[in-house]
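Visitor: no FASTA, just this:
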Ligand code: SF4
Ligand code: SF4
Ligand code: SF4
């Protein structure tokens, strides 16, 4: 049935080389991992909480020894998480009066939120499976820690000059040398199975089908947040053993795709809209100015007209006055002349008689 | 040879990088085009 | 030009307090850089972002929005009466952004690598990349927009005139960049639906952040204006004084209506995700306190202030709205973030984190005072009045 570590050892050297020979095909809009991409299946029902994997992880990653030795199981009394010098932890949960042990480490997501969030590409999902962190690029913004839905990456807050993000590497160096991950290698109960992800899903499915009384029908990691390279099967509900079941299946890059796609649209259209508004307000201003000028002109015209009529009035008035004066003068003259004429006439008549 | 993307993330990394470059070009070209468009207008005052 | 504050004794209460804050700040700065983040902060692996991101970055950027709002009103929408408000707004925006970037140096683990995302390795799938790029570019734009004041002060006429001719292009670029990074700051949280409380998490987060940045900027312009009026009255010229009332009324009116629209889209946000039932929980009450107590009510207070022409009421409401923005940003980044963790694993800032935040704000105030007392910000330089019609 399951792949044991011995079964796998022989073929492991080939894992990396088998990636080179694949034929290329065009990019489509749905993506799936390379068929030879590897992962680990954690069968929670088999885990006995011996913490040997934690120990092995410390050894292979050269992490400092913790205060309490790995054989001290009192550590299990509290639920722990990964830290800057702890890449993996085993936690104990009491479910229905029964102790259940779960190993926790980076899940090496198929669509890693940490990589999607990192603004310097410090995380990379290798085609072979591991999600690898490059210290030489990291700025230390810790957005990856905000983004990771499993709360995995940790930070060296105590380190003033070269703090790093730390997390499980899926022992990618060991994989390249043809070795199993340290934790898988040491597990005495074969609760950890290494293999290609596709193969692991088949194993998990088979176990669930063959022992429905032993497992709940859910492979954790098959679809969570777009799927992960570490997979889990369990006899109790995952939410009872500290694994969130409400994460959904939408991957981190799919979540950010929406707001990201708005960015170029704003860049393309905002300048157009804003220039348009500017032009409109400018135009309005011009029209307003023109109207103002027009109004001023009109006012001037009216004034002028009024002035002209007034002048005309004055003129005509004065003309009339003149005429009247002339007439008067003429009348007077005529009257005077008449008078004169009459008096002359009478004088002449007087003289005649 | 066409590149194969094994994850949406890789694909986005590639396509968004190109998009950002295009955005830069847009930001340069749009004002230039506007200047061309309004080049024959009576002189505008840009404050 | 001699000024009041220089001729007075330097030992004013303000200076003494500021001096103490700066000294404490310098000591903590030393601790931060020589013995690591863990000695001064309460950050841990579950709470990687604390007060320095929640307050210094998110609030800092939102409150510095006055720059783009004011310059857009004046230069793009042609509202000339805001002209005298543009310079102080640009100056505070520039200082605000400069301080945001300064504060980031405290928060990130290796600040000397801050140029990496822009020049070395572009993580274009990240919204933080978008924010970083825009803030960097906008800071440059603001520096250029602000520079005429400095150039006038220094007497470089030619350079000043060249820059003034680019005003429109710079303003539009500023609005584009502001739209992008204001909204992207909200979009940062889109990647973590499992950590942020559903009442605050929404796919509309970028829109919420952008819209709220507008009234945040306007309220900040009014608020700063009232402070400047109280303490820097002697520095203002007649145009500034006569226009300032119109600016207060105009911005209050705009802010009031935008806030109404913001309340509307927040309600739509609840409805879109069908989150009504959360309103009956303690977080729901807190959400309503934020939305009604710090957005809807100030919006209404603005409205009354505008209708009754009560400048004093508007000024107090501006402070109220600013507090509302701070509350909103802190809710999203700290209070409603990681809401599912047990109380023992939640974050509360250490006193040194708070001290550094106060230290940075104090630096801002000191630099503002220095600049305003010397450069033509609140008044127009007598040699350059011709461009103002
Ligand atoms: S579990 Fe977290 S740290 Fe690991 S690959 Fe996924 S997102 Fe990244
Ligand atoms: S802390 Fe480092 S690895 Fe994580 S997102 Fe920031 S730069 Fe990337
Ligand atoms: S795969 Fe390697 S690094 Fe990861 S938990 Fe196992 S031993 Fe540790």
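Guide: Happy to help now that I have it. Small disclaimer: the values here were computed from a predicted structure and weren't measured. Ligands and ions are numbered 1, 2, ... in the order given.
Visitor: make it CA atoms for all contacts and neighbour counts henceforth
Guide: OK.
Visitor: right, and the helix or strand after the host helix or strand of residue A:91?
Guide: Using DSSP states H and E, residue A:91 maps to strand A:89-95. On the C-terminal side of strand A:89-95, the nearest following helix or strand under DSSP H and E is strand A:98-104.
Visitor: can the next helix or strand after that next one be found next to ligand 1?
Guide: Sequence order places helix A:113-117 as the next helix or strand after strand A:98-104, per DSSP H and E. Yes. Using CA under 6 Å from any ligand atom, a contact is recorded between helix A:113-117 and ligand 1, made by A:113-114.
Visitor: interface residues of the stretch 101-250 of chain C facing chain B?
Guide: Within the stretch 101-250 of chain C, the positions near chain B by CA under 8 Å from any CA of the partner chain are C:122-125, C:164-169.
Visitor: List the pairing partners of the strand holding residue A:91 within its sheet, with orientation.
Guide: In the sheet, strand A:89-95 lines up against strand A:98-104 (antiparallel) (DSSP bridges).
Visitor: related to what we said a few turns ago, pLDDT (mean, whole number) over the strand holding residue A:91?
Guide: What strand A:89-95 shows for mean pLDDT is 96.
Visitor: how about the strand or helix carrying residue A:258 against chain C, any contact?
Guide: Take DSSP H and E as the rule and residue A:258 turns out to sit in helix A:252-352. Yes. For helix A:252-352, a contact with chain C is found by CA under 8 Å from any CA, at A:252-253, A:255-256, A:259-260, A:263, A:266-267, A:270-271, A:274-275, A:277-278, A:281-282.
Visitor: of those, buried ones?
Guide: Among the residues of helix A:252-352 next to chain C, those buried by neighbour count (16 or more other CA atoms under 10 Å in any protein chain shown) are A:252-253, A:255-256, A:259-260, A:263, A:266-267, A:270-271, A:274-275, A:278, A:281-282.
Visitor: ok, residues contacting stretch C:335-342?
Guide: C:47, C:195-197, C:200, C:283, C:331, C:346 (CA atoms under 8 Å, 6 or more residues apart in numbering or on different chains).
Visitor: Serialize those to CSV and add fields for secondary structure and distance to ligand 3.
Guide: Shown next, in CSV, are the contacts of stretch C:335-342 (DSSP: H, G, I helix; E, B strand; the rest coil; distance: CA to the nearest ligand atom, whole Å):
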residue, secondary structure, distance to ligand 3
C:47, coil, 22
C:195, coil, 24
C:196, strand, 28
C:197, coil, 30
C:200, coil, 34
C:283, helix, 37
C:331, helix, 35
C:346, coil, 26
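Visitor: picking that back up, ligand 3: which of the buried ones among the residues of helix A:252-352 next to chain C is nearest?
Guide: Nearest to ligand 3 among those, counting by CA to the nearest ligand atom, is residue A:252 at 21.6 Å.
Visitor: roughly how far apart are the residue lying closest to that closest one once chain neighbours are set aside and residue A:261?
Guide: Leaving aside its chain neighbours, residue A:252 sits nearest to residue A:113 (4.9 Å; criterion: CA to CA, 6 or more residues apart in numbering or on different chains). Note on residue A:113: its distance to residue A:261, by CA to CA, to the nearest Å, is 17 Å.
Visitor: what's the answer for residue A:87, then?
Guide: 35 Å.
Visitor: Among the two, which residue is more densely surrounded?
Guide: The neighbour comparison of residue A:87 against residue A:261 (other CA atoms under 10 Å in any protein chain shown) goes to residue A:87, with 24 against 12.
Visitor: residues contacting that one?
Guide: Residues in contact with residue A:87, defined by CA under 8 Å, 6+ apart, are A:57-58, A:105-106, A:166-168.
Visitor: rewinding a little: can you list the residues that contact the strand holding residue A:91?
Guide: Applying CA under 8 Å, 6+ apart, the contact partners of strand A:89-95 are A:49, A:51, A:54, A:76-82, A:99-105, A:236, A:240-241.
Visitor: quick one: pLDDT of residue A:252?
Guide: Residue A:252 carries a pLDDT value of 95.
Visitor: looking at it, it is touching residue A:111, isn't it?
Guide: Yes. Applying CA atoms under 8 Å as the test, residue A:252 and residue A:111 come out as touching, 6.6 Å apart.
Visitor: Touching both of these two, which residues are there?
Guide: A:225-226.
Visitor: what about the helices in chain B?
Guide: Using DSSP state H, the helices of chain B run over B:8-37.
Visitor: same question, the stretch 51-200 of chain C
Guide: With helices called from DSSP state H, counting those that start in this stretch, the stretch 51-200 of chain C shows them at C:51, C:60-63, C:66-71, C:83-107, C:116-119, C:127-154, C:157-165, C:167-187.
Visitor: related to what we said a few turns ago, lowest-confidence entry in the buried ones among the residues of helix A:252-352 next to chain C?
Guide: Out of these, that is residue A:282, at 87.
Visitor: one step back: quick one, the helix holding residue A:258 and helix C:167-187 angle?
Guide: Helix A:252-352 and helix C:167-187 meet at an angle of 140 degrees, taking axes from the mean of the first three to the mean of the last three CA atoms, to 10 degrees as the criterion.
Visitor: Helix A:252-352 near ligand 2 anywhere?
Guide: No. Under the criterion of CA under 6 Å from any ligand atom, helix A:252-352 makes no contact with ligand 2; the nearest approach is 13.4 Å.
Visitor: Run the chain-centre distance for that helix.
Guide: Distance of helix A:252-352 from the chain centroid (CA atoms, centre = their mean, to the nearest Å) equals 64 Å.
Visitor: wait, isn't residue C:85 in contact with residue C:241?
Guide: No. With contact defined as CA under 8 Å, residue C:85 does not reach residue C:241; the gap is 10.2 Å.
Visitor: Same drill for the two, tell me which one is more crowded.
Guide: Neighbour count, other CA under 10 Å: between residue C:85 and residue C:241, residue C:85 has more, with 26 against 15.
Visitor: picking up where we left off before, for the helices of the stretch 51-200 of chain C, which has the smallest mean pLDDT value?
Guide: Minimum mean pLDDT among the helices of the stretch 51-200 of chain C: helix C:157-165, a mean of 89.
Visitor: Report all helices and strands that that one contacts.
Guide: Contact partners of helix C:157-165 among helices and strands, from 3 or more CA pairs under 8 Å, 6 or more residues apart in numbering or on different chains; DSSP states H and E: helix C:127-154.
Visitor: now the angle from the helix it packs on to helix C:167-187?
Guide: On the basis of the same axes, to 10 degrees, helix C:127-154 is oriented at 150 degrees to helix C:167-187.
Visitor: picking up where we left off before, how about a markdown table for the residues of the stretch 101-250 of chain C next to chain B, with distance to residue A:93 and neighbour count added?
Guide: Listed next are these as a markdown table, based on distance: CA to CA, whole Å; neighbours: other CA atoms under 10 Å in any protein chain shown:
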| residue | distance to residue A:93 | neighbour count |
| --- | --- | --- |
| C:122 | 42 | 20 |
| C:123 | 39 | 26 |
| C:124 | 40 | 27 |
| C:125 | 37 | 28 |
| C:164 | 68 | 19 |
| C:165 | 69 | 13 |
| C:166 | 65 | 14 |
| C:167 | 64 | 17 |
| C:168 | 63 | 19 |
| C:169 | 62 | 16 |
